[in-house]
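Asker: Just the structure for this:
(chains A and B)
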Amino acid sequence: MARPLRLGAEVLAVGLVVALLALLVWRVAHGSHQGVAQALAKGNSPTAPSFDLPRLDGKGRIDLASVLGRKPVVVDFWASWCVPCIHESRRLQRAHERYGDRIAFIGVDAKDFAGDARAWVRKYGITYPSVRDGSGAVLDRWLSRTLLPSIFFIDRNGKVVGQLAAEEDLPRFLRQISQS
Amino acid sequence: MIRVVAVLAAALALVPAAAACDAHPSQAKLEGDIMCPVCGTTLDQSESPAAEQIKRVIARDIAGGKSDCRIKDELVANYGESILAAPRSSGFGLLAWWVPLGGILLAAAVVGVGAWRWSRGREGEPAPALGVDPALERRVDDELRRYDA
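Answerer: Below is the predicted model:
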């Protein structure tokens, strides 16, 4: 084989190997991202990942960053197909009616149809605002796998201090973030 | 080699055919083409509430006379491209079909050209010298003569 041709083939082969290695490193780095839930499980209080999503009712958008710093926030990931979400969203609705002036409540409707979600909100009388995360991209940044409902509590400094795991967690975390 | 190239070319030729829309899609076909957004399987492999919700929407859309392309477009608009079990065979998604096939063709061409050049190069080469030490050769001849005597 002519020398320039052989050199070109070698460069191409080395380039391909380097590209494949880079792809592997990128995949490992992005595939092993730590969600908020995992950080909380390790005893950390991670900074809340931001999101800026359209409101389910069509009245503009909600940017989490614009709410953080002014009020503590409760973020509720839900979907209309999620049966346990009914119970938790109703509890959050009662908490919203009681603490709504001090704590912001935001629902994130994930991996769902907007029409079904709007009907669900009307049916169960949920009045705190929800945003649309149809693809679940925001949900995936908070949780490494889809587990609904997932409810997170964010203090005034933008740190996620807890995730609802049991019934009694709700009043405890609401007290904690309202005093932050 | 020619056979492999022919098969790959046929596969490429079938890609645009697969892109044609079906005006009367079947529920079963679409359930095999669409992913459940929460379970990592296609809809036909899942009975999760999220999958059941999408199955109901597909059934409603089929009854409403929508084509499979339109149903998929609406699902992609809602969930993103990851809702499709296989990349689309049109637009940007076509790259997912062409790039691997192109890579296989390129690799086959590189190997074929390399093998052809290597075999041609060997035909013109002189036979390698045996390189036997003359002293050793003389000694072997002496030994053989003594053996024959």
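Asker: and the residue nearest to residue A:128 when sequence neighbours are not counted, what are its phi and psi?
Answerer: Of all residues not flanking residue A:128 in the chain, residue A:105 sits nearest, at 3.8 Å (C-beta to C-beta, 6 or more residues apart in numbering or on different chains). In this view, the C-beta of every residue, glycine as well, is placed from N, C-alpha and C. Torsion angles at residue A:105 (phi, psi; degrees, to the nearest 10) stand at phi -110, psi 130.
Asker: how close does residue A:105 sit to residue A:36?
Answerer: 17 Å (C-beta to C-beta, to the nearest Å).
Asker: low pLDDT regions in chain A?
Answerer: A:1-2, A:28-34 (pLDDT under 70).
Asker: residue boundaries of the helices in the chain?
Answerer: If you meant another chain, say so; for now it's chain A. Counting by DSSP state H, chain A has helices at residues A:3-31, A:36-41, A:64-67, A:83-99, A:114-123, A:137-142, A:169-178.
Asker: Let me rephrase: I mean chain B.
Answerer: B:2-18, B:27-33, B:49-63, B:68-79, B:94-123, B:134-148.
Asker: coming back round to it: would CSV of the helices of chain A with mean neighbour count be doable?
Answerer: Shown next, in CSV, are the helices of chain A (neighbours: other C-beta atoms under 10 Å in any protein chain shown):
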stretch, mean neighbour count
helix A:3-31, 10
helix A:36-41, 16
helix A:64-67, 15
helix A:83-99, 16
helix A:114-123, 16
helix A:137-142, 19
helix A:169-178, 16
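Asker: Mind putting those helices into CSV with distance to residue B:86?
Answerer: CSV is the format used below for these (distance: least, C-beta to C-beta, whole Å):
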stretch, distance to residue B:86
helix A:3-31, 20
helix A:36-41, 31
helix A:64-67, 34
helix A:83-99, 31
helix A:114-123, 26
helix A:137-142, 21
helix A:169-178, 42
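Asker: Can you lay out those helices as CSV showing distance to chain B?
Answerer: As requested, these are exported to CSV (distance: least, C-beta to the nearest C-beta, whole Å):
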stretch, distance to chain B
helix A:3-31, 7
helix A:36-41, 15
helix A:64-67, 20
helix A:83-99, 7
helix A:114-123, 7
helix A:137-142, 7
helix A:169-178, 23
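Asker: Between the ones you listed, which one is closest to residue B:59.
Answerer: Between residue B:59 and the helices of chain A, the tightest spacing by C-beta to C-beta is seen for helix A:114-123, at 14.2 Å.
Asker: quick one: the closest one to chain centroid distance?
Answerer: Its chain's C-alpha centre and that of helix A:114-123 lie 20 Å apart, by C-alpha atoms, centre = their mean, to the nearest Å.
Asker: and what of stretch A:106-123?
Answerer: Taking mean C-alpha positions (C-alpha atoms, centre = their mean), stretch A:106-123 and its chain are 15 Å apart.
Asker: same check, this time on stretch B:47-58
Answerer: A distance of 31 Å separates the centroid of the chain from that of stretch B:47-58, by C-alpha atoms, centre = their mean.
Asker: wait, does that stretch contact chain A?
Answerer: Yes - residues of stretch B:47-58 contacting chain A under C-beta under 8 Å from any C-beta of the partner chain: B:49-50, B:52-53, B:57.
Asker: which of those count as buried?
Answerer: By neighbour count, with 16 or more other C-beta atoms under 10 Å in any protein chain shown, those hold B:50, B:53, B:57 as buried.
Asker: and of those residues, the nearest to residue B:42?
Answerer: Distances from residue B:42 to those, taken by C-beta to C-beta, are shortest for residue B:50, at 12.7 Å.
Asker: So residue A:61 sits against residue A:55, correct?
Answerer: Yes - with contact defined as C-beta atoms under 8 Å, residue A:61 and residue A:55 form a contacting pair (6.3 Å).
Asker: Starting from residue B:149, give me the distance back to residue A:54.
Answerer: Using C-beta to C-beta, residue A:54 is found at 107 Å from residue B:149.
Asker: How about chain A: which residue is closest to chain B?
Answerer: Across chain A, the shortest distance to chain B (C-beta to the nearest C-beta) belongs to residue A:135, at 3.6 Å.
Asker: can you pull the contacts of that residue?
Answerer: A:111, B:78-80, B:82 (C-beta atoms under 8 Å, 6 or more residues apart in numbering or on different chains).
Asker: which one of those has the most neighbours?
Answerer: Neighbour counts for the contacts of residue A:135, by other C-beta atoms under 10 Å in any protein chain shown, peak at residue A:111, which reaches 27 neighbours.
Asker: so who does that residue touch?
Answerer: A:79, A:133-136, A:139, A:146, B:37-38, B:50, B:79.
Asker: Okay then, goodbye and thanks.
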